[in-house]
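Novice: Make a model of this:
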Amino acid sequence: MNIKYIALAIVIIVVVLMAVYLVLASTGSPSGSSSTVSVASNDIWVANEANNTVTELSTSGATLGTYAVGSHPDAIAIDHNGNVWVANMGSDTVTKLSDTGSVIGTYGVGSKPDGIAIGSNGNVWVANSGSGTVTELSGDGGAVGTYALGKGAFPLGIAVDLNGNVWVTDGDNAVTELSSSGTVILKYIDESGGTYSIAVDGSGNLWIVAELANAGTVTEISDSGTTLGTYDDGGLYPQGIAIDHNGNVWVANANSNNVTEFSSSGQVLGSYAAGQVPYSIAVDSNGNIWVTDLGYPYSTSDTVTELSSTGTLLGTYTVGGRPEGIAAGYVHT
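Specialist: Predicted coordinates:
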């Protein structure tokens, strides 16, 4: 065979092998962690309850768009394809938007949907505070099931753990765990007070906000329901909760105008000013913290606050009226 052609073949093989290596290197893999992190979207999405819209912001705070959804949008989540799901409390529906804000579909759920979360399989779980139920939708909006939580349940916050089980707070002092098929596994009683928001950390543990007007605590439990710790929030009337890239836990305190940062072991790392009535909270792909502000007098604000991972104020940005739910591109998978 001609030496020139042999040399050309060798060059082609080397180029192909290098391309394969670079692709594999760029995908990465978990290292010493029970979960990995992926970015579904780099943007921040805010549900504006007062004017039935969702605002999309860039990570620099620029407004990228405002999109109509259902009545009184309350909670919001981003799936692994970058689609945005909005729980519309006033119309008993969930709206699915593309990552460019186009409405893909609107789907009926239970009464007064107040919380929403995405499972690792792409299914959508909705906490219906008005009917005491949880609705499961497929990733294309198809009805999978509706599951009752029992007498007196008032589901608010919802999260999916690393095993695919679903955890729901009920506004009283209970948290219910459902299997991925909707069967009740256990009920956990939080003696600290009314359970509200809930989040899952990278180890699979659950962090629960106890909503109290004159005090605030955060409880950490294992995925088997064992209490691992109860920590003094230091703020008043805690609401939203989120977990950052380092495993630190952030809580929005509505009545003390600040957010509290905890370490993964429950130690308070800091307290930072964040608007007048901090409500919902999310972490973006850069590790920055975004907080909605309901304003004072109550429900008069139309802004969100951005903090760095060390609590430094980075900006305050205008969105729609009464911003309640917020979601960013940082997700656990």
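Novice: show me what contacts N121?
Specialist: G139, G164, S180 (C-beta atoms under 8 Å, 6 or more residues apart in numbering). Any C-beta I mention is one placed from the backbone N, CA and C, and that applies to glycine too.
Novice: ok, the first one touching G122?
Specialist: It refers to G139. Yes: assessed by C-beta atoms under 8 Å, G139 is found in contact with G122 at 3.7 Å.
Novice: So between these two, which is more surrounded?
Specialist: G139 (17 against 14; other C-beta atoms under 10 Å).
Novice: quick one: the more buried one from G270, how far?
Specialist: With distances taken as C-beta to C-beta, to the nearest Å, G139 is found 38 Å from G270.
Novice: for S309, same thing?
Specialist: 11 Å.
Novice: and what of N42?
Specialist: 26 Å.
Novice: try V134
Specialist: 34 Å.
Novice: More neighbours: which of those two?
Specialist: V134 (27 against 14).
Novice: got a list of what the more buried one touches?
Specialist: 110, 125-128, 146-147, 149, 155, 158, 166, 168, 178, 182.
Novice: Reformat the residues you listed into a markdown table and put neighbour count and secondary structure next to each item.
Specialist: Converted to a markdown table, the contacts of V134 look like this (neighbours: other C-beta atoms under 10 Å; DSSP: H, G, I helix; E, B strand; the rest coil):
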| residue | neighbour count | secondary structure |
| --- | --- | --- |
| G110 | 21 | coil |
| W125 | 26 | strand |
| V126 | 26 | strand |
| A127 | 33 | strand |
| N128 | 28 | strand |
| T146 | 15 | strand |
| Y147 | 22 | strand |
| L149 | 21 | coil |
| P155 | 26 | coil |
| I158 | 26 | strand |
| V166 | 23 | strand |
| V168 | 29 | strand |
| L178 | 22 | strand |
| G182 | 17 | coil |
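Novice: What is the nearest of the residues you listed to W207?
Specialist: When the contacts of V134 are compared for distance to W207 (C-beta to C-beta), I158 wins out at 13.5 Å.
Novice: Now do the SS call for A50.
Specialist: helix (DSSP: H, G, I helix; E, B strand; the rest coil).
Novice: where in the stretch 201-333 of the chain is pLDDT low?
Specialist: Along the stretch 201-333 of the chain, the parts satisfying pLDDT under 70 run over 212-214, 298-299, 330-333.
Novice: What segments of it are helices?
Specialist: Using DSSP state H, counting those that start in this stretch, no helices are found in the stretch 201-333 of the chain.
Novice: which regions of the stretch 1-150 of the chain lie under the pLDDT threshold?
Specialist: 1-41.
Novice: what about 50?
Specialist: Low-confidence segments of the stretch 1-150 of the chain, defined by pLDDT under 50: 1, 3-39.
Novice: Which stretches in it count as strands?
Specialist: 37-39, 44-48, 53-57, 63-68, 73-78, 84-88, 93-97, 103-108, 113-118, 124-128, 133-137, 143-148 (DSSP state E, counting those that start in this stretch).
Novice: quick one: which of those strands is nearest G320?
Specialist: Once those are compared by C-beta to C-beta, strand 44-48 is nearest, at 2.7 Å.
Novice: Could you list the paired strands of the closest one along with their orientation?
Specialist: Applying DSSP bridges to the sheet, strand 44-48 is found paired with strand 53-57 (antiparallel), strand 323-327 (antiparallel).
Novice: buried sites along the last one?
Specialist: Within strand 323-327, the residues that qualify as buried are P323, E324, G325, I326, A327, counting by 16 or more other C-beta atoms under 10 Å.
Novice: so what's the nearest residue in space to G110 that is not next to it in sequence bridging to?
Specialist: The spatially closest residue to G110, leaving aside those adjacent along the chain, is N128, at 2.8 Å (C-beta to C-beta, 6 or more residues apart in numbering). Going by DSSP bridges, N128 is paired in beta bridges with P113, T133.
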